[in-house]
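> Mind folding the following:
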Amino acid sequence: MKAILRSILFILVIIAIFTSFRPTIIFANTEEGKQEIRITEWQIHPGKDEDSTTPPAEGWITVKENEADTAIPKGTSSLWVKIELPAISLSHAGLLIDKAYAQDVYAYIDGNKVYESVRDYNYSINRFVLPLDASNQDHTVYIHLNHNQEKLSLSGVILGDFTTLYRSMLVGDLDEIILGTSFVFIAVLMFICMIFLKKVHVTGWKSLSLIILSIGGLLIFYSPFLYIVSGKYGLIYATSFDLLSNLFLPALFFFLETFFGKGKYSVIKIFKYYALCAVILSTIGLFLNILTNNSFYSAYYLISTMLFAFGVVCGSLIVVGILVVHSFKKQNDAIILSSGLGLFIIFTAADMIQYYVQSKTYEFTYWKWGIVCFVFSLVVILGRQIVISFEKVITYSRQLEIYNNELQRSEKMDMISQLAASVAHEVRNPLQVTRGFLQLLEEKSASNKEKNYMLLAINELDRASEIITDFLTFAKPQLEHVTILNIAQEFKHIGSILIPLANLQGGQIKLDVPESLQIQGNSSKFKQAFINMIKNSIEALNGDGVIEIRGYKEDNRVNICIKDNGEGMTESELAKLGEPYYSNKTKGTGLGLMVTFSIIEVMQGDIVFNSSKGIGTEVTISFPAI
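Numbers count the residues shown, from 1 in each chain. Model (predicted):
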């Protein structure tokens, strides 16, 4: 999933770089473009004669391209445009009309209709090239524009080679198609990948897919390219544009609710439902208008525009407010989204500045970077959430594994505890009686061989008695007499017992325990626990070796470290320490470490083992300091 997100981000950057270099329409430096002429002055005649095919004889108003729009009388539904063609020495000349805002467009030269575009759908942007022959040059072109709803206007008139102008017209709109198609491809890819996601990630992933799909569709269906290449499907394009524009706001607020919650007073949730209701109403109105052949277009246009405008204004205020609040709280997702939205605003503002500086002849290019930055920020937010959720799952899995191990250990200990409590006392009394009689028999025995047998039996009974004592200690590890223990004093007693044992086997014990270390606990239990562990270290030496015992205080806890350079243990052996009946000794029962763990646990201590095979073992025990 991380690879998919990285691929999406890479595609967005590449597409933005590619589409930012939009080819201009004027080829001033090309061989063919040397004879291109930009016409900056023409005449207009507003009226209401929608079906008229004959241009008026008088009443024309001269306008210039770089001047402010000429005021057109209210109620104008038709506009004639008269363009005087200058002389140009081209065999295949053409006249490019870069932008003509009207629903129906007709062009006439010398009284002959040379171009016609009649639309039964509401899309007002027209771009076309009129073919001219040698007889048309140095003549007048009349263009008739009809539209009942939109403002009628014309701009970007260029005279030049027909093939060059037609190619530049198509290529000029191709970047929006490429960018939009890329967004749609990414959205489809995300929808397919959604089947591999867990349920917790589906909502955010789906809403982001819809956002990217709607942006891509809007770019595709608003571009004049489709209407130029295949205008017969214009109704489908225009309807798709309306549906996708309705989809954007609900998808955005679903996304915001996923990552920022319902908002204060549930404002995000409320506006999400408003956007859904607006989508439903606008969609119903759209299809009713199509089925009735635009009979209710005015009502539909008014209602849908008001709903959309209110949604955009209020939604923008809500989004900005949410981002400001969460950014001040230093929430990373809000900061990332604010950055993406801010870059979109900056790039759009840069386009607007260029547009007015260049007298409204500038072709918008920077806005594509803004869209990519905005979508990029959404993808980053989603990626962060997936990574965070994945890390949470990993952490939870580890905690669950530790909990299960502790639970299994607890169940084993409970089982041993119940077993010990039920049989230890009953077994110890017969053992003591048997030992007493064996001792009497050993004293009265005349044969040395019989005495050796008796001594062997007594030793084995003593070992059994020690095991029962360990069972009882494990079964009832409560500290009956809790006092303040001076760690240094306790280890002096432990050292007096174990140092001779270590020396006997060729090892050494080094003590480094300050007098200032104190904890609460039971002295006898404390000694029993550490004697068990230090005896294990002595036995692990197998001859010469050193056991270092060091005490220190850290973070209000007393730490005692026991380190030896004995035979060490593997990771699998470390994992089994403290389990019932597990021991590395040939005659061991594992009860010694079980008792040690129980005593340390009752004293609110922690124990950590580190060991490497052939190097040695280090165990650190930590208790709350007084």
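> Tell me the first helix or strand C-terminal of the helix or strand bottoming out on mean pLDDT in the chain.
Least confident helix or strand of the chain, by mean pLDDT, DSSP states H and E, is helix 2-19 with a mean of 51. Counting by DSSP states H and E, the element after helix 2-19 in chain order, helix or strand, is strand 37-39.
> I'd like to know which elements that following strand is packed against.
Here strand 37-39 touches strand 153-161, going by 3 or more CB pairs under 8 Å, 6 or more residues apart in numbering; DSSP states H and E. In short, each C-beta sits where N, CA and C put it, glycine included.
> mean confidence score for the strand it packs on?
Averaged over strand 153-161, pLDDT sits at 87.
> go on, stretch 406-418?
68.
> Stretch 335-348 now?
Here stretch 335-348 scores 82 as its mean pLDDT.
> and for that stretch, what are the contacting residues?
Residues from elsewhere that reach stretch 335-348 (CB atoms under 8 Å, 6 or more residues apart in numbering): 319-320, 323-324, 327, 366-367, 369-371, 373-378, 380-381, 384.
> Just the ones of those residues in strands?
Among those, no residue falls in strands (DSSP state E).
> Would you agree residue 105 falls within a strand?
Yes: remark: residue 105 belongs to a strand, assigned using DSSP: H, G, I helix; E, B strand; the rest coil.
> Which residue ranges of the stretch 401-550 of the chain form strands?
Taking DSSP state E, counting those that start in this stretch as the criterion, the stretch 401-550 of the chain contains strands spanning 483-486, 507-512, 518-521, 545-554.
> Tell me the strands beside the first one, with direction?
The reference is to strand 483-486. Strand pairing for strand 483-486, determined by DSSP bridges: strand 518-521 (antiparallel).
> which residues are contacting the strand it pairs with?
By CB under 8 Å, 6+ apart, the surrounding residues in contact with strand 518-521 are 479, 482-487, 558, 603, 623-626.
> Go through the chain and flag its longest helix.
helix 367-444 (DSSP state H).
> Which residue ranges of the stretch 201-350 of the chain form helices?
Using DSSP state H, counting those that start in this stretch, the helices of the stretch 201-350 of the chain run over residues 224-229, 234-260, 267-291, 297-328, 332-357.
> Tell me which of these sits most buried.
helix 234-260 (a mean of 20; mean count of other CB atoms under 10 Å).
> most tightly surrounded among the strands of the stretch 401-550 of the chain?
strand 518-521 (a mean of 20).
> residues near the closest residue to residue 140 other than its chain neighbours, how many?
Excluding its sequence neighbours, the residue lying closest to residue 140 (CB to CB, 6 or more residues apart in numbering) is residue 84, at 5.7 Å. Number of residues near residue 84 (other CB atoms under 10 Å) recorded here: 12.
> isn't residue 84 right up against residue 40?
No: between residue 84 and residue 40 there is no contact under CB atoms under 8 Å: 11.7 Å.
> low-scoring pLDDT stretches of the stretch 1-150 of the chain, where are they?
Scanning the stretch 1-150 of the chain for pLDDT under 70 picks out 1-34, 49-51, 66-71, 134-138, 148-150.
> now do 80
1-35, 48-53, 65-76, 87-91, 120-122, 133-139, 147-150 (pLDDT under 80).
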